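[1] here is a sequence together with a model predicted from it:
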Amino acid sequence: MTGQHMGGPLPGRNERVGTPARGRDPAMTWSPGEFDLAVVIPAWNERENLELLLPALRETLDGLSLRWEIIVADGGSRDGTAEAVVRRGARVIQQRERGYGAALMEGIQASRAAYVVTMDADLSHRPVFIEDLWKHREEAEVLVASRYVPGGESRTHWFRRVCSRILNVVYTRLLSLPLHDISSGFRLYRRDILDGLRLRARDFDILEEILIKIYSQGFQVRELPFRYLSRGSGRTHVRFFKFGWAYLRTLVRMWQLRNSVASADYDHRAFDSVIPLQRYWQRARRRIVLSFLAASAGQATVLDIGCGSGRIIQDLPEAIGMDILLPKLRFLRNRHSRLVQGDIFALPFPDAAFDAVICSEVIEHIPDRPSAFTELTRILRPGGTLILGTPDYGRWLWWVLEYLYGKILPGAYAHEHIEHYTRATLTQRLRAHGYAIQEIRYVGFCEMIFRATKPTTRREEPLPRRVSARPLGGDHRS
């Protein structure tokens, strides 16, 4: 089923550093597809409900003046579902793999639109609500019709409501998600963010996996209040005990993801971690770095290299945050306006551009090349301050903590430390570049943070190669 386009082109998605639109990913440049909007409906023996749903859905989509298509992913129905869909002018595909999750993803993969709405076939999702989803499409990459935000409601049997509530509370609390209804299947997605998702769930737990993986990549998710109705005719296809095991397996996998550095907000959440040692470490590091900045008078321009999604850059609204990982910057875009994706070996800034440079917990993750220190020196003005932090591998306590950290949180940063500095070797490296070391302080007696001053006279030539700034808004590596 398709409609005629009566509106203008879809808005572009290019953004510049310092002006990120709320909820949009400024790194993406999206070209409109064959359609503006696709509606994907998984169905299994839902003929009677679809005969009522499809005309109402068509009327709603026609009212939006869009190019649209409706795709029904049929799971081998025997009640004439496929024939009813064809009679109503919609497009039907026969799913190849079993399960709700397979039907959902095969329908999405078959779509040819810039945006995709997913909804149920059983009349529990009112088509008219698509108008609200479409109206708010620029505010986030994913919009969820939520039963559990103020104004939302679920009009189903009490047992289903209780089970749904428990499921959502367990998932959102254990996984530190600022969401309320991650099991709602009524959603609007920006189509391009679904490409490349590696999904393992095949039943209804795919809804949780999709949303958690999207959120963990730094994309924005917003919930809109929605009133969920009881199904029309037929029986529910949810089997609570059968799917309960699937939900548990998915919860374990998502917990591992959320507590790994693969989650864009990992650094941000660590500041308020339930693990006392992790919480202390983040807060002590922030306190030392900010005190070093305060001790260096006149630091008007500040760069935080490898800012991640941490709190230090969020406490410095005038500073520029730089990271090589785009998901971290996506997460920060609504919390900080000056973000750049870049590489420490070829910093995208002119000579002597900054009064102070923060480089905390970065150099242990990269190969020990002279160009990294040369680049740090190049962009710092003469007399400027370098704040450099890294574990002190000359202290046995760090080796013990790293071992324990790797056992407790195997997905964290410990396994990524490829270079091991000591106080002596880092002091030697900084002095070789002419720095005067002003102060050294420790977090937990084994993470060292240096405050050093660049000499006022140049001792070395800058790198001959210059690279242009690479703000959020171009073609980047994710």
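    The structure has been received and is ready for your questions.
[2] tell me the contacts of Arg283?
    Phe271 (CB atoms under 8 Å, 6 or more residues apart in numbering). Where you see a C-beta, it was placed from the backbone N, CA and C, and this is true even at glycine.
[3] apply 6 Å and report the result again.
    Taking CB atoms under 6 Å, 6 or more residues apart in numbering, we find Arg283 in contact with no residue.
[4] where's it relative to Arg269, distance?
    Distance, Arg283 to Arg269, by CB to CB, to the nearest Å: 13 Å.
[5] what of Ile358?
    For Ile358, the distance to Arg269 - CB to CB - is 20 Å.
[6] have a look at these two and say which one is more surrounded.
    Ile358 (28 against 16; other CB atoms under 10 Å).
[7] okay, now the sheet partners of the one helix or strand that one maps to, with direction.
    Using DSSP states H and E, Ile358 falls within strand 354-360. Neighbouring strands of strand 354-360 in its sheet, by DSSP bridges, are strand 302-305 (parallel), strand 380-391 (parallel).
[8] ok, and what's touching the shortest one?
    Counting by CB under 6 Å, 6+ apart, strand 302-305 makes contact with 313, 316, 319-322, 344, 354, 356-359, all of which sit outside it.
[9] sorry, back to before: most packed of the strands paired with strand 354-360?
    Here the criterion is mean neighbour count by mean count of other CB atoms under 10 Å, and of these the winner is strand 302-305, at a mean of 25.
[10] what's the mean pLDDT across that one?
    Computed over strand 302-305, the mean pLDDT rounds to 98.
[11] show me where pLDDT drops low in the stretch 151-300 of the chain?
    231-242, 297-299 (pLDDT under 70).
[12] what are the ranges of the helices in it?
    Per DSSP state H, counting those that start in this stretch, the stretch 151-300 of the chain carries helices over the ranges 158-174, 206-216, 240-258, 266-270, 276-295.
[13] take the ones you listed and lay them out in JSON lines including distance to Asp120.
    What follows is the helices of the stretch 151-300 of the chain, written out as JSON lines (distance: least, CB to CB, whole Å):
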{"stretch": "helix 158-174", "distance to Asp120": "13"}
{"stretch": "helix 206-216", "distance to Asp120": "11"}
{"stretch": "helix 240-258", "distance to Asp120": "15"}
{"stretch": "helix 266-270", "distance to Asp120": "32"}
{"stretch": "helix 276-295", "distance to Asp120": "40"}
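[14] closest one to Gly89 among these?
    helix 206-216 (27.8 Å; CB to CB).
[15] and that closest one, what does it pack against?
    Judged by 3 or more CB pairs under 6 Å, 6 or more residues apart in numbering; DSSP states H and E, the packing partners of helix 206-216 are helix 240-258.
[16] which other helices and strands does the helix it packs on contact?
    Judged by 3+ CB pairs under 6 Å, 6+ apart, helix 240-258 is in contact with helix 206-216.
[17] can you give me phi and psi for Gly80?
    phi 90, psi 20 (degrees, to the nearest 10).
[18] same question for Val261.
    phi -70, psi -10.
[19] and if you look at Ser77?
    phi -60, psi 150.
[20] give the contact list for it.
    44-45.
[21] and it, what's its pLDDT?
    93.
[22] with Glu416 instead?
    Looking at Glu416, the pLDDT reads 81.
[23] grab the nearest non-local neighbour of it.
    His365 (5.4 Å; CB to CB, 6 or more residues apart in numbering).
[24] and that neighbour, how far from Thr456?
    On the measure of CB to CB, His365 and Thr456 end up 31 Å apart.
[25] likewise for Asp120?
    68 Å.
[26] ditto for Trp396
    39 Å.
[27] domain-wise, how is the chain divided?
    35-258, 266-453 (automatic domain parsing).
[28] on that earlier part again, what residues does the strand holding Ile358 touch?
    So strand 354-360 is in contact with 299-305, 379-381, 384-389, going by CB under 6 Å, 6+ apart.
[29] that strand: what's the following helix or strand?
    Past strand 354-360, the next helix or strand by DSSP H and E is helix 370-379.
[30] could you check the angle that following helix makes with strand 380-391?
    140 degrees (axes from the mean of the first three to the mean of the last three CA atoms, to 10 degrees).
[31] buried ones in helix 370-379, by neighbour count?
    Buried residues in helix 370-379, counted by 16 or more other CB atoms under 10 Å: 372-379.
[32] ok, stretch 140-150 next?
    140-149.
[33] pull the CA atoms of it into PDB?
    The C-alpha trace of stretch 140-150 is given here as PDB (Å, rounded to 0.1, in the frame of the first residue of the first chain):
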ATOM      1  CA  ALA A 140      15.200  11.900  18.800                       C
ATOM      2  CA  GLU A 141      16.300   9.000  16.600                       C
ATOM      3  CA  VAL A 142      13.700   6.800  18.300                       C
ATOM      4  CA  LEU A 143      10.300   7.700  19.600                       C
ATOM      5  CA  VAL A 144       8.400   5.300  21.800                       C
ATOM      6  CA  ALA A 145       4.700   5.300  22.400                       C
ATOM      7  CA  SER A 146       5.000   4.800  26.200                       C
ATOM      8  CA  ARG A 147       2.400   3.500  28.600                       C
ATOM      9  CA  TYR A 148       4.400   4.400  31.700                       C
ATOM     10  CA  VAL A 149       5.100   8.100  31.400                       C
ATOM     11  CA  PRO A 150       2.700  10.700  32.800                       C
END
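[34] picking up where we left off before, pLDDT on the strand holding Ile358, on average?
    97.
[35] for Gly63, which non-adjacent residue is spatially closest?
    Using CB to CB, 6+ apart, the nearest residue to Gly63 is Glu131, at 7.3 Å.
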